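J.: Return a 3D structure for these sequence lines:
(chains A and B)
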Amino acid sequence: EPEVTQTPSHQVTQMGQEVILRCVPISNHLYFYWYRQILGQKVEFLVSFYNNEISEKSEIFDDQFSVERPDGSNFTLKIRSTKLEDSAMYFCASSDDLARWETQYFGPGTRLLVL
Amino acid sequence: KNQVEQSPQSLIILEGKNCTLQCNYTVSPFSNLRWYKQDTGRGPVSLTIMTFSENTKSNGRYTATLDADTKQSSLHITASQLSDSASYICVVSAGGYQKVTFGIGTKLQVIP
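T.: Prediction:
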């Protein structure tokens, strides 16, 4: 069964450093998403992406965040200058053309720790 | 403010027993409600999705119900297995990606 993959599985970084989280969505999917889950808290929507542009973003997704689909297969989330409160599990998800976000497949997540 | 409340917070049951998890929401306008299973350290996996007109939906041993009038949903698990141990998350959408509200989940532990 096709699946969403994410790399790295874990990332430790110093406050103020840039990080790039990578995702490979399911190959025929056209809608892509990033979510985060701070330890012990709810999953929160960050951003959705379609046709090489952001469709919607939450208030969490400020100027420190950016997304990109650089090569038609990878989907990346960049945090320009990490803060301690960015420590969380980051999930990528994708969905196909017909189902859109109603049927999203999540990746296993990247656990980001900012020191 | 849109909210999704789940109960109980955690639950321990014996293998083979049934259980029911609850979800109450105040999301408006309502678009759909989904139940996800999330294993520790993994991404959520969709179990069911229900729209306004659907009252019940089953996926194997999982049965979800929806009462749009009282804004309540339940997830019933029959003949529980050890592999059912996970967090079960209720997610409600008001339409549009940023109008997605996640519950904090119910942590289920199935013991032999």
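J.: Please count neighbours and contacts with C-alpha atoms only from this point.
T.: Noted.
J.: what does chain B have sitting close to chain A?
T.: Proximity of chain B to chain A (Cα under 8 Å from any Cα of the partner chain) is limited to residues B:41-46, B:49, B:96-98, B:100-105.
J.: among the residues you listed, who's most crowded?
T.: Neighbour counts for the residues of chain B next to chain A peak at residue B:105, which has 30 neighbours (criterion: other Cα atoms under 10 Å in any protein chain shown).
J.: can you pull the contacts of it?
T.: Residue B:105 is in contact with A:42, B:6-7, B:9, B:87-90, counting by Cα atoms under 8 Å, 6 or more residues apart in numbering or on different chains.
J.: Run through chain A and note the low-pLDDT ranges.
T.: By pLDDT under 70, the low-scoring segments of chain A are A:97-102.
J.: What segments of it are strands?
T.: Taking DSSP state E to define them, one finds strands in chain A at A:5-7, A:10-13, A:19-24, A:31-37, A:43-50, A:53-57, A:65-68, A:75-79, A:88-95, A:105-106, A:110-114.
J.: Tell me which of those strands lies nearest to residue B:20.
T.: Of all these, strand A:43-50 sits nearest to residue B:20, with 21.8 Å by Cα to Cα.
J.: got the angle for that closest one vs strand A:75-79?
T.: Angle of strand A:43-50 versus strand A:75-79, following axes from the mean of the first three to the mean of the last three Cα atoms, to 10 degrees, is 120 degrees.
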